[in-house]
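Student: Give the three-dimensional model of this entry:
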Amino acid sequence: MNNKPFFVLALMLMGQVVCAQPRVLMAANADHAPKIDGKLDDRVWEDAPVATDFIVSYPTFGGKAAQKTEVKILFGADAVYVGAMLYDDPKLVRRQITARDDEQQNDADYFSVFFDTYNDKQNGFQFLVTSSNVQSDARLGANLSFGFGGYGDKTWDAVWESKVDFTEDGWSVEMKIPYFSLRFSKKEVQDWGLQLQRSVRRSNETSTWSPVDPDVNGFVNQFGLLQGITDLEPPLRLSFSPYLSTGYQSVPEKEGYLNRWLHSGGLDLKYGINESFTLDATLIPDFGQVVSDNLVNNLTPFEIQFQENRPFFTEGTELFNKAGLFYSRRVGATPEGYYRVHEIVSDNPDLEIKKNPSLTQLYNAIKVSGRTKKNLGIGVFNAVTAPMHAVVRNKVTGKDSSISTEPLANYNILVLDQSLRGQSYVTFTNTNVMRNRQSRNANVSALDVALFDKENIHQFSGKVRYSSIWGAEKYDGFNTLVKYAKVSGKWQYHLMQSMLSGNYDPNDLGILFSPNNVTYQGSVSYHENMPTKNFLTHFFSLESTLQYLYKPYSFYTYEIEGSGMLIFHNFWDVFLNASVSPAGSHDHFELRTPGRYLSYPWSFRSGINGSTDSRKKLYVEYGFSVGGYPEYHNRYFEIETEVRYRFGNRFNLELEVNSERERHQLGYAFARNNNEDPIVGFRDNRSISSVLSGIYNFTPRLNITLRARHYWNKVDYKEFFDVDAAGKLIDRPFVSGRDQNVNIFNTDVFLTWDFRLGSRLIIAYKNWLGDAEGVVFGTGEKNNYLNNFSRQFGLKHGNEISARFIYFLDYNQLKRKK
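Tutor: Just a heads-up that it's a prediction; the model follows:
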């Protein structure tokens, strides 16, 4: 009898079983703290267990890494130490100096360690060091989406130490990650999830210690284990970051400028309530030194959602954002009555504004978050904003009047997040906003459930939300969602149904663009993550979405969309998409009138986006889109280009230009008839925005950044219509004075110096075009982008220069010095 086939089959099965088992590294204790110099020559490293034999995760999963990597991990009295030897030809290692958290798609090798400290296969921490000793860190969570090469929330910045060193065998890294920068349960013996990662930039190869199969849903659930961690005794986690800031600001007004000195001081505090929970507090914060918003001329019926740039609201907020109910820009936003004050003054020439703050002052804010031994995540957020007032002076009598623009407000969030087996979880979230006097108050309660099968192939998820508004007005609403999906494998699909009642309103602390709809959606996609003859990876998807109004239950729109992503062997990529709405749509929001809608005919849109190899000095991203409503002779065009050039390892310069033009666009004309019925119009709508940005890195801890943005929007109305009860157009006379020519300009320059761990000096300069300034063209003059760009420099601009000094004080360091 020939047993050879049986023997081979048995070996193959055994190999599959072994590969399916998580990789394990035994924990080791350090009898003394190694010197952090990147050299790995301290004797404490000699007997530590070694993690090696990395597996390629990109571009070709499953192979052995081309370069050898050895990693050792030690636990000390107050920190965990990581030492890595990355074997290579040191002359070939890419060493670009970047800003913190900005290593992706730049020209630098890096090494990264991930800890899942609760071993719940959902949450974790990342600490990354590049070959030039630039640090990057992130919080990992089940609800966090990943960018290119990213794995979590990079706005989180921890305080930790790192050094790199080069030898003839390659380069080495040493990290000291204090326990106060981590969260973990208090057990005599515990295991952590562990992942180690290396990126070799010249070959674009990324490898990991524990294999990460791209066909398997999730990242943290594919970690290995760091076993045998014993008797961790975290020190008292108490740190202070007092700050002082000063500056000078000049703001343009109708007549002259309003000039004032800026001065502020406050304190950020972190306190470890226990080994798992942390209190973060900010007292009298000053958020003046943040990047300016990308303002636009908004013609849509929905508000513009802006990116959060304030550190307290970006760091460590992943738990509060899990239900998608926390839009942090609500806290400290523009006072509700800010624009009303301008309307009052514009209607009365005898009045002038002496004071009208554009941002609500934040008194203080706190966050308490952590996770128990049984993987229950708990988060509590509270912020209190000051009552705001404007001062208006009567120029005839000289008397000043105070106008309330925003009441005292209290913002609260409570989150209970129970991690279940695998990637499953149950989350309860409650948001609450209470305002002084007879103002509007709000509460939203939410329950989110996600359940995965044992093989992590299928997912069932559901959401329930209930909102309640009371005070100046009173109404309730709800939102539900049910979804089933196949989330792993080459073929994936999902079915989803959601329902939002007309009065569902989470907008006091969250953001929702359009309530009162019912959505039915399904999709199917194919993902090929292994190289083929023509591509490194590629995927295709087809999605169908049908929407109705919730009440009355009537047709809204139906859309079919197809898309595909191709990554070539030379690391260029192309993204293709096309969509069609064959039945048109009944837009119930464009007219800004309850019970009315505007009917649009069938429409289409298609586009192509892509980028070149980001390893090259010259890197280009591009995009082109077309679309329209053929029946209305509507055509839409968009061209976007981003060009980045790397002048060396210290200096990058980037220019981004986006041009959109829509001919015969149909929309609300911001005008009404005498009976308050809305007026719509066909218009030519053109906008161009350009952003010039650059960074020069003097050292890994000292850089200067520039960002200058100009936005131009020109709106020319061609004809106007009334709208009947069926959403159809009715001819009407022309309405004058509806055309718009809008310019927005901002410049931000920041010199940032991290002069010691956790401490920073920032010198900032800001310039902006005054709110009341406008470019005007005479008869026969050409109104185009270049003329608008040049003429806006002749108008009034605001200017601000400021300095901010932040000093990090750790209680344990102060205690040791004493």
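Student: In terms of helices and strands, where is Leu258?
Tutor: Assigned by DSSP states H and E, Leu258 belongs to strand 257-272.
Student: in its sheet, what does the helix or strand following that strand sit against?
Tutor: Counting by DSSP H and E, the next helix or strand C-terminal to strand 257-272 is strand 277-283. Strand 277-283 has its sheet partners listed here by DSSP bridges as strand 257-272 (antiparallel), strand 362-371 (antiparallel).
Student: mind giving me TSV with the ones you listed and columns for mean pLDDT?
Tutor: Formatted as TSV, the strands paired with strand 277-283 follow (pLDDT from 0 to 100):
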stretch	mean pLDDT
strand 257-272	89
strand 362-371	91
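Student: most packed of those?
Tutor: Most buried of the strands paired with strand 277-283, by mean neighbour count (mean count of other C-beta atoms under 10 Å): strand 362-371, with a mean of 20. For glycine as for every other residue, the C-beta is placed from the backbone atoms N, C-alpha and C.
Student: contacts for it?
Tutor: 118, 120, 123, 183, 185, 273-274, 276-285, 287, 312, 316-317, 319-320, 331-332, 377-386, 419 (C-beta atoms under 8 Å, 6 or more residues apart in numbering).
Student: Can you go through these and name the buried ones?
Tutor: Using 16 or more other C-beta atoms under 10 Å as the burial test, the contacts of strand 362-371 include 118, 120, 123, 183, 185, 276-282, 285, 312, 316-317, 319-320, 331-332, 377-385, 419 as buried.
Student: In strands, which of those appear?
Tutor: Judged by DSSP state E, strands contain the following of the buried ones among the contacts of strand 362-371: 277-282, 377-385, 419.
Student: closest to Val296 among those residues?
Tutor: Of all those, Thr385 has the smallest distance to Val296: 25.8 Å, by C-beta to C-beta.
Student: Run through the residues that contact the closest one.
Tutor: Val331, Gly332, Thr360, Gln361, Leu362, Tyr363, Glu406, Leu408, Ala409, Tyr411.
Student: Among the residues you listed, find me the one that's closest to Phe808.
Tutor: Of all the contacts of Thr385, the one with the least separation from Phe808 (C-beta to C-beta) is Leu362, at 21.4 Å.
Student: measure the residue nearest to the closest one when sequence neighbours are not counted to Tyr411 for me?
Tutor: Nearest-residue entry for Leu362: Gly332, 4.6 Å, with adjacent residues in sequence omitted and distances by C-beta to C-beta, 6 or more residues apart in numbering. Relative to Tyr411, Gly332 is positioned 10 Å away (C-beta to C-beta, to the nearest Å).
Student: quick one: common contacting residues for the two?
Tutor: The contact sets of Gly332 and Tyr411 overlap at Ala383, Thr385 (C-beta under 8 Å, 6+ apart).
Student: List the contacts of Gln190.
Tutor: Asn119, Phe184, Ile229, Leu232.
Student: export those to TSV and tack on pLDDT and neighbour count?
Tutor: Shown next, in TSV, are those (pLDDT from 0 to 100; neighbours: other C-beta atoms under 10 Å):
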residue	pLDDT	neighbour count
Asn119	91	23
Phe184	86	23
Ile229	91	21
Leu232	84	21
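Student: Nearest to Thr747 among those residues?
Tutor: Phe184 (44.1 Å).
Student: Just confirm that closest one contacts Phe277, I think it does.
Tutor: No - using C-beta atoms under 8 Å as the test, Phe184 is too far from Phe277 to be in contact (11.2 Å).
Student: Find residues that contact each of these two.
Tutor: Counting by C-beta under 8 Å, 6+ apart, Phe184 and Phe277 have no common neighbour.
Student: what secondary structure does the residue positioned nearest the centre of the chain sit in?
Tutor: With distances taken as C-alpha atoms, centre = their mean, the residue of the chain nearest its centroid is Gln307 (6.9 Å). Under DSSP: H, G, I helix; E, B strand; the rest coil, Gln307 falls in the coil class.
Student: How much space separates it from Val291?
Tutor: Gln307 sits 8 Å away from Val291, taking C-beta to C-beta as the criterion.
Student: what's the answer for Tyr785, then?
Tutor: Look at Tyr785 and Val291: by C-beta to C-beta, they are 23 Å apart.
Student: With Tyr619 instead?
Tutor: Counting by C-beta to C-beta, the gap from Tyr619 to Val291 is 22 Å.
Student: Quick check: Pro552 is in a strand.
Tutor: No - counting by three-state DSSP, Pro552 falls outside a strand, being coil.
Student: Tell me the pLDDT of it.
Tutor: The model reports Pro552 with a pLDDT of 90.
Student: ditto for Val524
Tutor: Looking at Val524, its pLDDT is 98.
Student: give the contact list for it.
Tutor: By C-beta under 8 Å, 6+ apart, Val524 lies in contact with Trp491, Gln492, Tyr493, Ser541, Leu542.
Student: For Glu631, what are phi and psi?
Tutor: The phi and psi torsions at Glu631 (degrees, to the nearest 10) take the values phi -60, psi -30.
Student: Relative to Thr747, which of the ones in strands among the buried ones among the contacts of strand 362-371 is nearest.
Tutor: For those, the nearest to Thr747 is Thr282 (27.3 Å; C-beta to C-beta).
Student: one step back: next one: phi and psi at the residue nearest to the centre of the chain?
Tutor: Per degrees, to the nearest 10, the backbone of Gln307 is at phi -70, psi 140.
Student: now Val164, what's its secondary structure?
Tutor: For Val164, the assignment made with three-state DSSP gives strand.
Student: Next secondary structure after the strand or helix carrying Gly477?
Tutor: Using DSSP H and E, Gly477 falls within strand 475-486. Of the helices and strands lying after strand 475-486 in sequence (DSSP H and E), the nearest is strand 491-500.
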